[in-house]
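Peer 1: show me the folded form of this:
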Amino acid sequence: MSVVGQGIDRVDGRLKVTGAATYSAEHKLPQLAHAVMVQSTVAKGRIASIDSTAAKGMPGVIAVMTHQNAPCLALPQGSEKKEGKEQSKPDQKKQPPNPKLSLLQDDVVWYNAQPVAVVIADTFEHARDAARRLQVRYTAERAQLDFAQAKKKLRRPEPQPERPSDTGRGNVARSMERAAQRLDVTYTTPMENHNPIEPHATIAHWNGSSLVMYDSTQNVSGVQRTVASSFGIAPEQVRVICPFVGGGFGCKGSVWSHVVLAAMAAKMAGRPVKLVLERTQMYGPVGARPLTEQHLVLGASTAGKLAAVRHDTISSTAFLDDFTEPCTAATRMLYASDSLQTSQRLATLNVGIPTYMRAPGESSGSFALESAMDELAYRLNMDPVQLRLANYAEKDPEKDVPWSSKSLRECYRVAGERFGWDKRNPQPRSMKNGRTLVGWGMATATYPANRQKAKATAILLPDGTAVVRSGSHDLGTGTYTVMSQIAADALGLPVSKVRFQLGDTMLPEAPVSGGSQTVASVGPAVHQAARALRDKLMELAIADTASPLHGMAAGDIDAADGWLVARAAPGRREQMTAIVARAGGEPVSADANAAPGEEKKRYAMHAFGAVFVEVHIDPDVGTIRVPRIVGAYGVGRVMNRKTTHSQLMGGIVWGMGMGLMEKTEMDWRFGRAVNANLADYHVPVNADIGAIDIVIVDEEDKQINELGAKGVGEIGITGVAAAIANAVYHATGKRIRDLPITPDKVMV
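Peer 2: Got it, this is the predicted structure:
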């Protein structure tokens, strides 16, 4: 019986609940110093002066690093080296290779909370106290902090792979004229910040010209490359280690300034340095979900068939570097319409660079699209589910290719039945529980099935246990467990006999753990490495005259429970340990390099789902409760029922936060977040969560990869905010188009 798919417990669970799992800030090194980052207090300008006299005189202070004494990391173009020192032209500035990094190479300030100094001391407390004594004066300049003003100078972003800035098919204007019903609406989503339990943390230790880093990251290989290029050394001279991540959600997928600053501080101090961001420092220098304004125009026939769709998005970005929130991605492929036009534009602000946040684009975009579909359903006096079925895309309408698999119809059916959707009175304010207003809403969920190349190694040790290695990451998602299951299945070993190693650049390279692609990318590499190792064992047995399996064909042999067994004659069998012992007693290993092929050119690959929500609203004070949510998802072959359920539930809970709570409150006079803490930045807690009923629809996908696995980390959040907004309208008759949906908006 295959162990893949079973809901086995997390293999790293005991380590985590007993505190034995070592996170990045917990590694112990001799003579470890502590660094604290100092941030700017203006949104734009220059550093006029830094007085570090008082800070340097504080107890335990080792050094104060500013732009005046920081190591120069990159030779600017046109500069020369003379007598071992950099000689730059007067009109040039020192700049790191990566423009998004603020590494104390000049005196320019681009946003409030930008790193401007690092204080290094023998303890964290000493470093923090000294950092507060640093006196920084600025020459402030007028910053662009008005989104409405920034929209007057919109820019077209550079197109991303599979996410162009503008798309179109058919004739939208002509089709819109013929539409019997038209909807023209605008939706907005606010800036939102990641708040993983583990803040960003880095320990850096130089050993001559080589560097070891313990970094909380979703991309150890990316950190290795960026740090190496910043210091002008070979990637092999940088080792990045990250066995556990206490949550990432996208913010740890990029390399931020504090990572390189920690390495710079370690070089300056001449000893290992730990730099951990305080919770308030997580707002600004490590990314956030950007503001979006989304204009949607839908035209439909009286039967609900979409004649034309137009979706224009403006998202905020930064002066330091661009980031595009691809809100139109789902609109381009989710519903069948012969005429469709989308655009993405950027409004530039003096803020920290935005970044990926759980289901970037699809979460924000699905709020707008699925809210608009609900509004159109009411205009047509049509059931929202039936409207979606009337526009069901039997193939990808953008690429004009078949789906690798699609179970969305079944998701609508199963989730609707479990929710009791057929009992809904469609009229707004028609359903009550006493004085409490009751609303039911639904939405479609979708997220692309991504995959990148990955490598893995499988090793069978003489004691019969296997070690499988890949430089991937476990963000709390269950990677340790799932990869152990995949390897155990392919090798024919119990899971208890398999140890999976990850989170180290010394291991075979794997892609960033983002975009819901880890299982779909690393899983095939692990599977192939384990199968190659199993095949090696079979070859050894077949060639060995002392083996009961000698002379057999490999195709006639199975592997199970640590044995190789003849299929037709189960009595002919041999333990793997015996095969290894007779072959010299040394470990047997095999490598694999798995990569996607041409399948994405032949098929469109997405996961799909349907989410149904019930809300209860107090008509007097506007409080909104969500007593139950039902979601059904088609996500390919499930690797582990427990971890899949956990990921989908986590996404749904985050969708509740997005719909009802999450917003980074900015003081736009100064460009600084005023709720930069877990007391004021509201996220759902246990008391906010009602019943969450999740159904995983059985789905076979032989096209996406050999395992048939799609990602599940992000699809759960998509559609939830829209389903809540749609339920709020059903309960109150008030359409809220600006997230989050707070009591004041319901009451007005």
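Peer 1: only C-alpha atoms for contact and neighbour calcs from this point on.
Peer 2: Will do.
Peer 1: list phi and psi for Val720.
Peer 2: phi -70, psi -50 (degrees, to the nearest 10).
Peer 1: right, and Trp110 touches Leu320 too?
Peer 2: Yes. Using CA atoms under 8 Å, Trp110 makes contact with Leu320 at a distance of 6.9 Å.
Peer 1: neighbour count for the two, which is higher?
Peer 2: Trp110 (24 against 20; other CA atoms under 10 Å).
Peer 1: what is the burial count for the closest residue to that one other than its chain neighbours?
Peer 2: In space, and not counting its chain neighbours, Trp110 is closest to Lys44: 4.9 Å by CA to CA, 6 or more residues apart in numbering. Other residues lying near Lys44 total 25 when counted by other CA under 10 Å.
Peer 1: which pLDDT value goes with Lys44?
Peer 2: You'll see Lys44 listed with a pLDDT of 98.
Peer 1: so how far is Trp256 from it?
Peer 2: Between Lys44 and Trp256 the distance is 19 Å, computed by CA to CA, to the nearest Å.
Peer 1: buried stuff in stretch 575-583?
Peer 2: Within stretch 575-583, the residues scored as buried using 16 or more other CA atoms under 10 Å are Gln575, Met576, Thr577, Ala578, Ile579, Val580.
Peer 1: now stretch 738-748
Peer 2: Asp738, Leu739, Pro740, Ile741, Thr742, Pro743, Val746.
Peer 1: out of these, which two sit at the greatest distance?
Peer 2: Maximum pairwise distance among the buried residues of stretch 738-748 (CA to CA): 12.5 Å, between Asp738 and Pro743.
Peer 1: how deep is Val621 tucked in, by neighbour count?
Peer 2: 11.
Peer 1: measure it to Asp744 for me?
Peer 2: In this view, Val621 and Asp744 are 8 Å apart by CA to CA.
Peer 1: please apply the same query to Val712.
Peer 2: Val712 is 34 Å from Asp744, where distance means CA to CA.
Peer 1: show me what secondary structure element comes after the strand or helix carrying Gly222.
Peer 2: According to DSSP states H and E, Gly222 maps onto helix 220-231. Where DSSP H and E defines the elements, the next helix or strand beyond helix 220-231 is strand 238-241.
Peer 1: packing partners for the helix or strand that comes right after that following strand?
Peer 2: On the C-terminal side of strand 238-241, the nearest following helix or strand under DSSP H and E is helix 257-269. Using 3 or more CA pairs under 8 Å, 6 or more residues apart in numbering; DSSP states H and E as the contact test, the elements touching helix 257-269 are strand 33-39, strand 61-65, strand 115-121, strand 201-207, strand 210-215, helix 220-231, strand 273-276.
Peer 1: got a markdown table for those, with mean pLDDT and mean neighbour count too?
Peer 2: Compiled in a markdown table, those are given as follows (pLDDT from 0 to 100; neighbours: other CA atoms under 10 Å):
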| stretch | mean pLDDT | mean neighbour count |
| --- | --- | --- |
| strand 33-39 | 98 | 26 |
| strand 61-65 | 98 | 22 |
| strand 115-121 | 98 | 27 |
| strand 201-207 | 98 | 23 |
| strand 210-215 | 98 | 23 |
| helix 220-231 | 96 | 22 |
| strand 273-276 | 99 | 28 |
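Peer 1: of the ones you listed, which is nearest Thr505?
Peer 2: Of all these, helix 220-231 sits nearest to Thr505, with 5.9 Å by CA to CA.
Peer 1: and the buried residues of stretch 575-583, which is closest to Leu104?
Peer 2: Nearest to Leu104 among the buried residues of stretch 575-583 is Val580, at 55.5 Å by CA to CA.
Peer 1: tell me the domain ranges of this protein?
Peer 2: 24-142+194-282, 292-450+600-747, 452-595 (automatic domain parsing).
Peer 1: Glu158: which of those is closest?
Peer 2: Proximity to Glu158, assessed across the domains of the chain by CA to CA, is greatest for domain 292-450+600-747 (8.7 Å).
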